[in-house]
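Visitor: here is my input; please provide its structure:
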Amino acid sequence: MARIVVIGGGWAGCAAAITAKKAGGDVILIEKTDMLLGLGNVGGIMRNNGRYTATEENICLGGQELFNITDRAARHVNVEFPGHKHASLYDVIKVEPMVRRFLKEIGIKILLQKRVNDVEMDSKAIKSVVLSDDTTISGDVFIETTGSTGPMGNCLKYGNGCSMCILRCPSFGPRISISKRAGVEDILGQRGDESYGAFSGSCKLNKESLSEEIREKLNKEGVVILPVPKEDVNFDKLDLKVCQQYALKDFAENIILLDTGHVKLMTPFYPLEKLRKIKGLENARYEDPYSGGKGNSIRYLSIAPRNNAMKVIGVDNLLCAGEKSGLFVGHTEAIVTGSLAGHNSVRLSLGMPLLELPRSLAIGDLIAYANEQIKTKEGLKRRYTFAGAEYFERMKEKDLYTTDKKEIKRRVQRLDLLNIYEERLL
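Guide: Presented below is the predicted three-dimensional model:
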């Protein structure tokens with residue numbers, strides 16, 4: 001049996017672990033903090049716009065488990081807010097334990113509070129990873145899903161300092177680039193002014209700190225939109241966001257709140273004294289990041305060069321997924337890239353041809369398109385998501401976007417890829 005070692009327990013790492021296990025791998029998932037899902041613990045938006053299509057494609061490919069969990073954990077379905085239709089909002093409080101229990105049930109070994117510090121190489125292959133306590137874990141194939149955020153010095157250099165976000169670098173240590181340790185140079189995303197990285201796109205407010213009227217509306221409808229005082233409207237902040245699908249005029253002129261258990265405030269940061277000027281938010285308090293009045297985490301500072309099968313170029317037995325694999329934004333994007341990487345890890349261990357998803361599927365097209373764009377100067381300044389901005393427009397132009405489940409299943413079936421991730425290879 002092939003030993004597959006997944007480094008990073010966010011949405012991409014969990015998805016990779018599941019498909020690697022289903023393909024027959026002996027899977028170990030290593031996570032440096034005390035929780036899985038990473039940014040998924042403060043995210044919560046699923047199935048909006050083209051993410052609906054990608055979700056159903058991945059389900060038809062056989063990667064349904066995490067989407068089934070987020071559907072079960074949904075607080076609201078078919079929510080609409082500016083620029084976005086048929087969104088589901090999962091409960092960020094409930095989802096992590098649900099995922100953790102499922103991974104354990106299917107036999108994935110989870111190592112929490114274990115940070116990978118280094119790698120041991122055998123020529124161009126990783127032989128083992130070295131943990132912070134100097135113990136080593138060997139493997140046949142490794143998958144890096146460490147994300148692109150941190151360490152604190154990057155948030156200080158490219159942002160407004162450590163914002164005390166859900167990643168908790170001061171407690172659990174900085175992110176380490178496994179691909180770089182293996183000798184591969186990272187790619188860095190840029191902003192429009194060619195500075196590096198981008199701010200995370202939202203903050204979370206404590207629901208109990210908001211007015212009763214706002215709480216009731218959020219609990220009932222899932223969304224509340226409040227106008228920003230004219231003197232506080234700031235269009236420049238839209239350029240800072242990772243999530244360019246939310247960089248619309250409406251998000252500068254209004255406070256947009258979504259109910260994910262916490263209250264998701266759709267802006268990278270917002271000065272607390274200005275926030276409290278708005279009716280109903282007089283007592284508002286940030287949940288994540290704690291310094292949401294000043295800043296947020298900086299992302300897209302560590303991307304590995306890879307092919308369209310998610311294999312890292314330059315290392316014989318390393319794959320990648322999630323933000324580590326490109327300028328991808330969102331949980332759905334992490335899950336679908338992780339699913340492909342996990343399946344291909346077992347193929348790689350067996351010397352089989354790696355699966356590359358056709359561009360007639362939205363998932364395959366996004367993976368290939370982002371890989372093309374990241375090699376250009378302008379492409380490094382963009383972010384790629386099924387939910388909006390440039391790529392969602394491309395989905396519509398190429399007739400990839402649909403909410404018709406039967407049509408999506410037909411597309412996958414025509415390609416002879418129905419339930420491919422369910423195939424046991426070992």
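
Visitor: mind showing which ranges of this structure have poor pLDDT?
Guide: With pLDDT under 70 as the threshold, the chain has low-confidence stretches at 234-248.

Visitor: run the last query once more with 90
Guide: 1, 150-154, 174-175, 189-199, 201, 229-253, 377, 381, 389 (pLDDT under 90).

Visitor: kindly state the domain boundaries assigned to it.
Guide: Following automatic domain parsing, one gets these domains for the chain: 3-76+92-195+298-422, 199-288.

Visitor: please identify the most buried of these.
Guide: domain 3-76+92-195+298-422 (a mean of 21; mean count of other C-beta atoms under 10 Å). Bear in mind the C-beta positions are built from the backbone N, C-alpha and C, glycine included.

Visitor: endpoints of that domain, how far apart?
Guide: This stretch, domain 3-76+92-195+298-422, spans 18 Å end to end (C-alpha to C-alpha, to the nearest Å).

Visitor: roughly how far apart are residue 253 and residue 82?
Guide: According to C-beta to C-beta, to the nearest Å, residue 253 and residue 82 sit 10 Å apart.

Visitor: helices of the stretch 251-400 of the chain, start to end?
Guide: 272-275, 331-350, 362-373, 389-397 (DSSP state H, counting those that start in this stretch).

Visitor: which residues are contacting stretch 169-178?
Guide: Residues outside stretch 169-178 that contact it (C-beta atoms under 8 Å, 6 or more residues apart in numbering) are 7, 32-34, 113, 115-119, 126, 129, 132, 142, 144, 146-153, 162, 164, 167, 186, 302, 304, 318.

Visitor: that stretch spans what distance, first to last residue?
Guide: With C-alpha to C-alpha as the measure, stretch 169-178 spans 17 Å from end to end.

Visitor: starting at the chain centroid, how far to it?
Guide: Computed by C-alpha atoms, centre = their mean, to the nearest Å, the chain-centroid distance of stretch 169-178 equals 17 Å.

Visitor: test my guess that residue 10 contacts residue 145.
Guide: Yes: in terms of C-beta atoms under 8 Å, residue 10 counts as a neighbour of residue 145; the distance is 6.0 Å.

Visitor: so residue 76: helix, strand or coil?
Guide: At residue 76 the chain is in strand, as set by DSSP: H, G, I helix; E, B strand; the rest coil.

Visitor: wait, what's in contact with the residue nearest to it when sequence neighbours are not counted?
Guide: Closest residue to residue 76 apart from its sequence neighbours, by C-beta to C-beta, 6 or more residues apart in numbering: residue 222 at 3.2 Å. Applying C-beta under 8 Å, 6+ apart, we find residue 222 in contact with 75-76, 79, 89, 258-259.

Visitor: repeat for residue 151
Guide: Residue 151 makes contacts with 169, 173-175, as judged by C-beta under 8 Å, 6+ apart.

Visitor: re the thing from before, in helices, which of the contacts of stretch 169-178 fall?
Guide: Judged by DSSP state H, the subset of the contacts of stretch 169-178 located in helices is 152-153.

Visitor: among the contacts of stretch 169-178, which are in strands?
Guide: Filtering these for membership in strands, criterion DSSP state E, returns 7, 116-119, 126, 129, 142, 144, 318.

Visitor: and of those residues, the nearest to residue 397?
Guide: Nearest to residue 397, judged by C-beta to C-beta, of the ones in strands among the contacts of stretch 169-178 is residue 144 at 32.4 Å.

Visitor: and that closest one, bridged to which residues?
Guide: With DSSP bridges as the criterion, residue 144 is bridged to residue 7, residue 320.

Visitor: distance-wise, check it relative to residue 345.
Guide: Look at residue 144 and residue 345: by C-beta to C-beta, they are 11 Å apart.

Visitor: shared neighbours of those two, anything?
Guide: Listed as contacting both residue 144 and residue 345 by C-beta under 8 Å, 6+ apart are residue 319.
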